[in-house]
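A.B. asks: Structural data only, the sequence is not supplied:
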């Protein structure tokens, strides 16, 4: 039996987190994916504060949330960036879900599902692949200079891999597809601070607990 005061590892697996949530209900789950990804599938009770809005709320969250916070994204990469941003704000009680939502689903853990959407990581692969293929085909069929498009995309992917920063993902995350219209990041942050049920989308009360979403 896991004890309430058992230390939490910096990176926790899906099974370990599920057990921790049963033993320590005060743990906060902070989902830093886009609102669209969150709406599609998320861990029940998780609060959605997208990574690109986290910096402006870091001090506010640090000042009001003293319980352990487990950061969640699709695969783990954005959660580590969120961890860095919040640590810079002086927040010490941070942990990352290993494998993100993908790992959680693969482990057979319970999720809340909504409208199906393509994850941001898949969107980046689709757009980058389409641009590179288009550049290559145009270079063969029309003008060799179009090959520069494929070279540009390839260089961008190398840069993203080296720096762990993806400009294309940042742009795609702001598209309307990834941001449901009726949402309020401030309401979600307020719920996170108080430990109330996640809130922020204009939905019926019955759907508000564990199914809300937010953006700016």
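C.D. replies: Right, received. Where do you want to start? What you see is a predicted model, and the numbers here were worked out from it, not measured in a lab.
A.B. asks: what's the first-to-last distance across stretch 84-94?
C.D. replies: 10 Å (Cα to Cα, to the nearest Å).
A.B. asks: hmm, I was thinking of stretch 158-173
C.D. replies: 20 Å.
A.B. asks: which outside residues touch it?
C.D. replies: Outside stretch 158-173, the residues that touch it by Cβ atoms under 8 Å, 6 or more residues apart in numbering are 34, 50-52, 77, 80-81, 120-121, 123-124, 127-128, 156, 178-179. Every residue, glycine included, has its C-beta placed from N, CA and C.
A.B. asks: cutoff 6 Å now
C.D. replies: Applying Cβ atoms under 6 Å, 6 or more residues apart in numbering, the contact partners of stretch 158-173 are 34, 120, 123, 124.
A.B. asks: need those residues in TSV with neighbour count and distance to residue 140, can you?
C.D. replies: Shown next, in TSV, are those (neighbours: other Cβ atoms under 10 Å; distance: Cβ to Cβ, whole Å):
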residue	neighbour count	distance to residue 140
34	31	35
120	25	31
123	21	26
124	20	25
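A.B. asks: Among those, which one lies nearest to residue 14?
C.D. replies: Nearest to residue 14 among these, counting by Cβ to Cβ, is residue 120 at 20.1 Å.
A.B. asks: who touches the closest one in this structure?
C.D. replies: Applying Cβ under 6 Å, 6+ apart, one finds that residue 120 lies in contact with 34, 169, 173.
A.B. asks: ok, now residue 42?
C.D. replies: 31, 112.
A.B. asks: Show the pLDDT at it.
C.D. replies: pLDDT, residue 42: 93.
A.B. asks: tell me how far stretch 93-110 is from the chain's mean position?
C.D. replies: Put simply, stretch 93-110 sits 11 Å off its chain's centre (Cα atoms, centre = their mean, to the nearest Å).
A.B. asks: Between the two ends of it, how far is it?
C.D. replies: End-to-end distance for stretch 93-110, by Cα to Cα: 25 Å.
A.B. asks: Now tell me what touches it from outside.
C.D. replies: Taking Cβ under 6 Å, 6+ apart as the rule, stretch 93-110 contacts 8, 10-15, 17-18, 68-76, 79-80, 83, 86.
A.B. asks: So how do I select the buried members of those in ChimeraX?
C.D. replies: In ChimeraX, this line selects whichever of these come out buried by 16 or more other Cβ atoms under 10 Å:
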select :8,11,12,14,17,18,68,69,70,71,72,73,74,75,76,79,83,86
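A.B. asks: Identify those among the contacts of stretch 93-110 that sit within strands.
C.D. replies: Counted as lying in strands by DSSP state E, out of these, are 11, 12, 69, 70, 71, 72.
A.B. asks: Most widely separated two among the residues you listed?
C.D. replies: Most distant of the ones in strands among the contacts of stretch 93-110, by Cβ to Cβ, are 11 and 69, 13.5 Å apart.
A.B. asks: How far away from the center of its chain is the lengthiest helix in the chain?
C.D. replies: Ranked by residue count under DSSP state H, the longest helix found in the chain is helix 120-141. The chain centre lies 24 Å from the centre of helix 120-141; the measure is Cα atoms, centre = their mean.
A.B. asks: Would you mind identifying the next helix or strand past it?
C.D. replies: helix 147-163 (DSSP states H and E).
A.B. asks: by how many degrees do that next one and helix 120-141 diverge?
C.D. replies: Computed by axes from the mean of the first three to the mean of the last three Cα atoms, to 10 degrees, the angle separating helix 147-163 from helix 120-141 equals 150 degrees.
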